[in-house]
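1. Please work out how this folds:
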Amino acid sequence: MVKVTIYKDPDGRYEGFDCTGHARYADVGQDIVCAGVSALVINTINSVENLTENAAEAESDEETGEIRFRFKGQADANGKLLMDSLVLGLEGIQVNYGNNYLVLKIKEV
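-> Below is the predicted model:
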């Protein structure tokens, strides 16, 4: 199962996210849940880095499927919009495929 934890500060501003695991919805190369989550996560990271002024850092481990992303300061309106879009997409996958394959949590830090 893929677990995505979105981190927000007490005022509701995004701090970043962690993504771990593999969906195991289907065989490797056929797993549309993993592919969908990966596309959303990687696109969000790339979009924040290339389309906004937000400073951020990302780390990944292909073997474990772990991705760690953090803003290096407060996310601006563009960073917030991209994170809102990530959450929307992940919620859609979770609704359509269920908690057996994707668990999304929003955590206040």
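2. Residue nearest the middle of the protein, spatially speaking?
-> residue 41 (4.4 Å; Cα atoms, centre = their mean).
3. quick one: the strand or helix carrying that residue to chain centroid distance?
-> Remark: residue 41 resides in helix 32-51, with elements defined by DSSP states H and E. From the chain centre to the centre of helix 32-51 is a distance of 7 Å (Cα atoms, centre = their mean, to the nearest Å).
4. same check, this time on stretch 91-103
-> The answer for stretch 91-103 is 13 Å, by Cα atoms, centre = their mean.
5. quick revisit: spit out the contact partners of the residue nearest to the centre of the chain.
-> 4, 17, 19, 67, 69, 86 (Cβ atoms under 8 Å, 6 or more residues apart in numbering). No exception for glycine: its C-beta is placed from N, CA and C like everyone else's.
6. how many neighbours does residue 19 have?
-> 26 (other Cβ atoms under 10 Å).
7. swap in residue 95?
-> By other Cβ under 10 Å, 11 other residues sit near residue 95.
8. cool, the one 3 residues further on as well?
-> Counted with other Cβ under 10 Å, residues neighbouring residue 98 total 13.
9. got it, and the one 4 residues further on?
-> Neighbour count of residue 102, defined by other Cβ under 10 Å: 25.
10. one step back: buried sites along the helix or strand just after the helix holding residue 41?
-> As assigned by DSSP H and E, the chain's next helix or strand after helix 32-51 is strand 56-61. Neighbour-count burial for strand 56-61 flags 56, 58 (criterion: 16 or more other Cβ atoms under 10 Å).
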